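[1] model the following, please.
(2 chains)
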Amino acid sequence: MKKYLHTLFTHAIATLQTKGDIPQDIAVNIHLERTRDTQHGDFACNVAMVLAKSAHKRPHDLATSIVEQLPNEDDFIAKIEIAGPGFINIFLKPNTFYAVINEILTAKDTYGQSQIGAEQSVMIEFVSANPTGPLHVGHGRGAALGAVLANLLIVAGYKVYKEYYVNDAGRQMDILATSVWLRYLELCGEILTFPVNGYKGDYVWDIAASLHREQDDALQHSATTVFENIPPDADEQGGNEDIHIDALIERCQQLLGEKSFQHLFQKGLETIREDIRHDLEQFGVVYDEWFSESSLSTNHRVNKVVEQLKAGGHTYKQNGALWFCSSVFGDEKDRVLIRENGQFTYFASDIAYHVNKLERGFDHLIDIWGADHHGYITRVKAAITALGAEENRLTVLSVQFATLYRGQEKLQMSTRSGEFVTLRELREEVGRDAARFFYLQHKSEQHLNFDLELAKSRSIDNPVYYIQYAHARINSVFRQLHDKNQTWHHDKTILTQLNTDHEQTLLITLSRYPEIIEMAAQAYEVHQLTYYLRKLAQDFHTFYDVHKILVEDNGLRNARLSLIAAVQQVLRNGLTIIGVSTPEVM
RNA sequence: GCCCUGAUAGCUCAGCAGGAUAGAGCAUCCCCCUCCUAAGGGGAAGGCCAGAGGUUCGAAUCCUCUUCAGGGCGCCA
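    All right, here's what the predicted structure looks like:
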């Protein structure tokens, strides 16, 4: 409908431009919007006021000329009015709204699908948490957003590929491997002081225990040997946690040898990665690919990208390190690619990763990052620009971390200390539907506070139930219908009986669904859909409370059944996108 | 210090390619089950849209400054 009106306006303005009433050389951006007040019709257009200045006319006069170029009345339009300073208000015929029921009942699951994506391919990379421990509630938000954005974009006509970038290289993983080994030694009976910087979560014990079952005491070394001449830890006098742990990593590698260390390393990595994968699956999040960071260096891709940057003249050497002139591309300062010790930085492999994604031919890349990686955006964009790719092929969405409260107490989360609420705990206590909906309720850049006590103990108050309840209620009506041995015939000629305000409101809300999908997809804003579904459920509950559906009158009953069937279909389509179940009974 | 985010009802948040009277949900206070699920509905109350300037016919929305809050500013990942 909106599209139809848009065409009419475009024509009208073009005609006025050829007539010379509006200058030819100005860009015309026609913006139609739903009115808030039914007194203003169904759609309003402010184009007359916007163009008034450049056309050197009074808004009201211009509006009059535009309206003259529009059909006064047609199959859809009942009347057009000029109001206020120059709004053009369009009143639609009731039939226009009844048509939406047919449309929904015919299209079923495909109602709301759009072609704005035009089959373009999009790769969404999200979560990508280091495999050094289980996912916590902070990761849940990115997981929910990524998975649902993917669904939304598919509905909007994009081809979507979902990927998890596994940081399976680097010091953090070495620390994990070493932590596992130390726990293993404790299981072998060694008495030692666990490093401040080691991973202390229970899952480390689990991996160590599994290692112990598998290897028995084969990897055991005495604590005295292990800690001999190791620099002091942070909690000792003159100690430093980083120097301490690095020395321990090196000792671990020495004592175990390359092969055993790798075995230990892989065991830790795989256990945790599979745990993450399983956890996400339970949360309804599935990936097309788990991309390994280390595969980049194995295939010399990092090296290649750095060479390309060098060849392009974007690098220089300073203090023994190789720098990338990212400041030339808008970054606040230059960044190191190869450290003085000859190792690539994380940044270097991240460039290689993004180049690799681009090479795989995706039209568009979306990265969903936590707010703590915000400063990273400019430098990655700088790098891909330097390598000749268009900067806007990459979109980075920042997700603010949720600040957790337990009652009044603010929780500090740290993977290393092992003190955090896991995504699994949240899911088990709050439930998958509620947890997902909770994450998606708000704009992702918005800080999110939530009290775990509240979310867990009063989960019944979660708005997701309100929406699901609408779905279940509709099911219930159809069950009653069946129990009464009555049947439902959808007949589009009787829909005119849906003439109350409540029914009209519902029809309007239903017809907005495709617009919401397009808007949400274009803005990458999933929360628009959750707000919409809430509004639809609300309109339904209001209607349901006032009007009986299973009335004696056959025509009215059938019309109302068609209406609620359409409502249920849209609820189902929307809930499916956000990955929330559609219960038949509650 | 510099750079991002944000600041809207008591609380949690929508609204922000400028539009007509700023909206929801919780919480508070009234009212509604002889009737398809009350996990529901109706109503009341609640606001100087952080503050100050500016642009405009018109600003919660755009620009500048100030204040406050969160985050980022490593040859960490």
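
[2] okay, buried residues for stretch A:174-192 please.
    Of all the residues in stretch A:174-192, those buried under the rule 16 or more other CB atoms under 10 Å are A:174-188, A:190. All C-beta atoms are positioned from the backbone trio N, CA, C, and that covers glycine.

[3] which residues touch the nearest residue to residue A:195 once chain neighbours are set aside?
    Nearest non-adjacent residue to residue A:195, counting by CB to CB, 6 or more residues apart in numbering: residue A:245, 5.2 Å away. Residue A:245 makes contacts with A:175, A:178, A:195, A:196, A:197, A:198, as judged by CB atoms under 8 Å, 6 or more residues apart in numbering.

[4] list the residues that contact the most centrally placed residue in chain A.
    Here the mean C-alpha position of chain A is nearest to the C-alpha of residue A:145 (CA atoms, centre = their mean), at a distance of 2.1 Å. Residues counted as contacts of residue A:145 (CB under 8 Å, 6+ apart) are A:126, A:368, A:397, A:399, A:439, A:440, A:444, A:526.

[5] list of residues touching the helix or strand hosting residue A:367?
    With elements delineated by DSSP states H and E, residue A:367 resides in strand A:364-370, which encompasses its position. Strand A:364-370 is contacted by residues A:120-127, A:138, A:142, A:145-146, A:149, A:354, A:357-358, A:376-377, A:393-399, A:401, A:524 when judged by CB under 8 Å, 6+ apart.

[6] how about stretch A:228-235: buried residues?
    Neighbour counts over stretch A:228-235 (16+ other CB under 10 Å) mark A:230, A:233 as buried.

[7] now swap in stretch A:485-494 and tell me
    Neighbour-count burial for stretch A:485-494 flags A:488, A:490, A:494 (criterion: 16+ other CB under 10 Å).

[8] inside strands: which ones of those?
    Using DSSP state E, no member of the buried residues of stretch A:485-494 sits in strands.

[9] how about the residues of the stretch 251-400 of chain A near RNA strand B?
    Within the stretch 251-400 of chain A, the positions adjacent to RNA strand B are A:318-321, A:332-333, A:335-336, A:339-341, A:343, A:345-347, A:371-376, A:400 by CB under 7 Å from any atom of the strand.

[10] please convert the buried members of these into ChimeraX selection syntax.
    Entered in ChimeraX, the line below selects the buried ones among those, by 16+ other CB under 10 Å:
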select /A:335,336,345,347,376,400
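
[11] contacts only, for residue A:463.
    When contacts are counted by CB under 8 Å, 6+ apart, residue A:463 touches A:437, A:441, A:530, A:534.

[12] same for the helix or strand harbouring the third one, what does it pack against?
    Following DSSP H and E, the helix or strand that holds residue A:530 is helix A:527-546. In terms of contacts (3 or more CB pairs under 8 Å, 6 or more residues apart in numbering; DSSP states H and E), helix A:527-546 is packed against helix A:432-440, helix A:463-483, helix A:501-523, helix A:554-577.

[13] CA atoms only: put the longest one into PDB for me.
    Read it as helix A:554-577. Included here for helix A:554-577 are C-alpha records, laid out as PDB according to Å, rounded to 0.1, in the frame of the first residue of the first chain:
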ATOM      1  CA  ASN A 554     -22.400 -17.300  10.700                       C
ATOM      2  CA  GLY A 555     -21.100 -14.400   8.600                       C
ATOM      3  CA  LEU A 556     -19.800 -12.400  11.600                       C
ATOM      4  CA  ARG A 557     -18.300 -15.500  13.100                       C
ATOM      5  CA  ASN A 558     -16.500 -16.500   9.900                       C
ATOM      6  CA  ALA A 559     -15.200 -13.000   9.400                       C
ATOM      7  CA  ARG A 560     -13.800 -12.800  12.900                       C
ATOM      8  CA  LEU A 561     -12.300 -16.200  12.600                       C
ATOM      9  CA  SER A 562     -10.600 -15.100   9.400                       C
ATOM     10  CA  LEU A 563      -9.300 -12.100  11.300                       C
ATOM     11  CA  ILE A 564      -7.900 -14.000  14.200                       C
ATOM     12  CA  ALA A 565      -6.400 -16.600  11.900                       C
ATOM     13  CA  ALA A 566      -4.500 -13.800  10.200                       C
ATOM     14  CA  VAL A 567      -3.400 -12.400  13.500                       C
ATOM     15  CA  GLN A 568      -2.100 -15.800  14.500                       C
ATOM     16  CA  GLN A 569      -0.300 -16.300  11.300                       C
ATOM     17  CA  VAL A 570       1.500 -13.000  11.700                       C
ATOM     18  CA  LEU A 571       2.400 -13.700  15.300                       C
ATOM     19  CA  ARG A 572       3.800 -17.000  14.200                       C
ATOM     20  CA  ASN A 573       5.800 -15.500  11.400                       C
ATOM     21  CA  GLY A 574       7.300 -12.900  13.700                       C
ATOM     22  CA  LEU A 575       8.000 -15.200  16.600                       C
ATOM     23  CA  THR A 576       9.700 -17.600  14.200                       C
ATOM     24  CA  ILE A 577      12.100 -14.900  13.100                       C
END
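
[14] domains in chain A, by residue range?
    According to automatic domain parsing, chain A comprises the domains A:2-92, A:171-275, A:459-578.

[15] for the stretch 151-300 of chain A, which segments are assigned as strands?
    Taking DSSP state E, counting those that start in this stretch as the criterion, the stretch 151-300 of chain A carries its strands at A:159-166, A:289-292.

[16] can you put those in TSV and add mean neighbour count?
    Output for the strands of the stretch 151-300 of chain A, formatted as TSV (neighbours: other CB atoms under 10 Å):
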stretch	mean neighbour count
strand A:159-166	21
strand A:289-292	16
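
[17] which residues of the stretch 101-250 of chain A lie near RNA strand B?
    By the criterion of CB under 7 Å from any atom of the strand, the positions of the stretch 101-250 of chain A lying close to RNA strand B are A:130, A:167, A:169, A:170, A:171, A:172, A:242.

[18] over to the stretch 401-550 of chain A?
    Applying the criterion CB under 7 Å from any atom of the strand, the portion of the stretch 401-550 of chain A that neighbours RNA strand B consists of A:441-443, A:445-450, A:460-461, A:463, A:465-466, A:469, A:472-473, A:475-477, A:479-480, A:525, A:527-528, A:531, A:534, A:538, A:541-542, A:544-550.

[19] follow-up on the earlier one: so of the residues of the stretch 251-400 of chain A next to RNA strand B, which ones are in helices?
    A:346, A:347, A:376 (DSSP state H).

[20] closest to RNA strand B out of the residues you listed?
    RNA strand B has its nearest neighbour among these in residue A:346, at 3.5 Å by CB to the nearest atom of the strand.

[21] nearest residue to that closest one in space, please, no chain neighbours.
    Among residues not flanking residue A:346 along the chain, residue A:170 sits closest, at 6.6 Å (CB to CB, 6+ apart).

[22] now do residue A:344
    For residue A:344, the closest residue by CB to CB, 6+ apart turns out to be residue A:302, at 5.2 Å.

[23] can you list the buried residues in the helix or strand hosting that neighbour?
    Taking DSSP H and E as the criterion, residue A:302 maps to helix A:301-311. If you call a residue buried by 16+ other CB under 10 Å, then helix A:301-311 has these buried ones: A:301, A:302, A:305, A:306, A:308, A:309.

[24] for the record, mean pLDDT for that helix?
    Per-residue confidence for helix A:301-311 averages out to 94 on the pLDDT scale.

[25] list the contacts for residue A:504?
    Under the criterion of CB under 8 Å, 6+ apart, the neighbours of residue A:504 are A:94, A:97, A:498.
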